[in-house]
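1. make a model of this:
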Amino acid sequence: MKIIGVIPARWSSSRFPGKPLREILGKAMIHRVWDQVKKCKNLTEVLIATDDQRIAEYCRSNNLSVIMTSSNHATGSDRIAEVAMKTAGDIFVNIQGDEPLIEPESIDTVTECLKSSIDRGIEVSTGYIKPATQGQCENSSVVHLVPSLDGCVITFSRYPVPHQFADAVPRTIHVGLYAFTRSALNLFSTLTRGPIERAESIEIMRFLEHGHRVACVQVKSGSVGVDTPEDLLAVESILENIK
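-> Got it, this is the predicted structure:
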């Protein structure tokens, strides 16, 4: 089985333009993500998918495999769907390009979750961590995932769900890491964006809104997403302490 890890990287960002090439302790962020992803045991190949020539040129100059994609994609998974149209593979893993501390083990875990779910007719998997902190529950940039008893997603939301009415249930944090079969990506690119996906800006809701199941699995915590220059400084501090 050929499993392709794909790292979407775009220049445009309302809060932090050009962040894939911003340096973290002397190395571009996208390069640090690449280094982590290359440690995965399950991936056959790793590609960086971009629509920007500056990012592509950096990748080529540093021997990072890169593929050019359209600038018209609404989400990173739409970009991955284009990669799947151009690249031979059985499973494609969408790995966020702004998480330089991503755990290779988490990527492998989500990939294994999909491989074990295909026999159940499920062709998409994702990850979550728990429990959510109070600060994360109060932060609308954090996405919560509610798992079912059989290891699938009930829903995603930027609200801290489920509501603690009768019993206290540990809230989880969705990890923006997805594994798709080729056919699931082909389907994703044909589905319309539903009202909940558009309202909450959670791309994987597209499958749920159209009646498809998504498998989920708990993964290790520790990754830090870089959405702002302040986040980048936080990652630098973590890496300096690791040294």
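2. C-alpha from now on. contacts and neighbour counts both.
-> Will do.
3. confirm for me that T69 is in contact with D51.
-> Yes: with contact defined as CA atoms under 8 Å, T69 counts as touching D51 (5.0 Å).
4. how close does S141 get to Q134?
-> For S141, the distance to Q134 (CA to CA, to the nearest Å) stands at 13 Å.
5. who has more neighbours, these two?
-> For S141 and Q134, the more surrounded residue by other CA atoms under 10 Å is S141, and the numbers stand at 13 against 10.
6. which of the helices or strands spans L185?
-> Using DSSP states H and E, the element containing L185 is helix 182-190.
7. which helices and strands does the helix or strand following that helix pack with?
-> Next along the chain after helix 182-190, taking DSSP H and E as the criterion, comes helix 195-200. Judged by 3 or more CA pairs under 8 Å, 6 or more residues apart in numbering; DSSP states H and E, helix 195-200 is in contact with helix 205-209.
8. the helix it packs on: how far from the chain's middle?
-> 16 Å (CA atoms, centre = their mean, to the nearest Å).
9. which helices and strands sit right next to it?
-> strand 153-157, helix 195-200.
10. of the ones you listed, which is nearest G26?
-> For G26, the closest of the helices and strands packed on helix 205-209 is helix 195-200, at 35.1 Å, according to CA to CA.
11. run through who's touching the closest one.
-> For helix 195-200, the external contacting residues (CA atoms under 8 Å, 6 or more residues apart in numbering) are 157-158, 202-206, 209.
12. quick one: which of those is nearest G5?
-> Closest to G5, out of all of the contacts of helix 195-200 and judged by CA to CA, is I204, at 17.4 Å.
13. and the closest residue to R193 other than its chain neighbours, how many neighbours does it have?
-> For R193, ignoring the flanking residues on the chain, the nearest one in space by CA to CA, 6 or more residues apart in numbering is R206 at 6.0 Å. For R206, the count of nearby residues is 20 (other CA under 10 Å).
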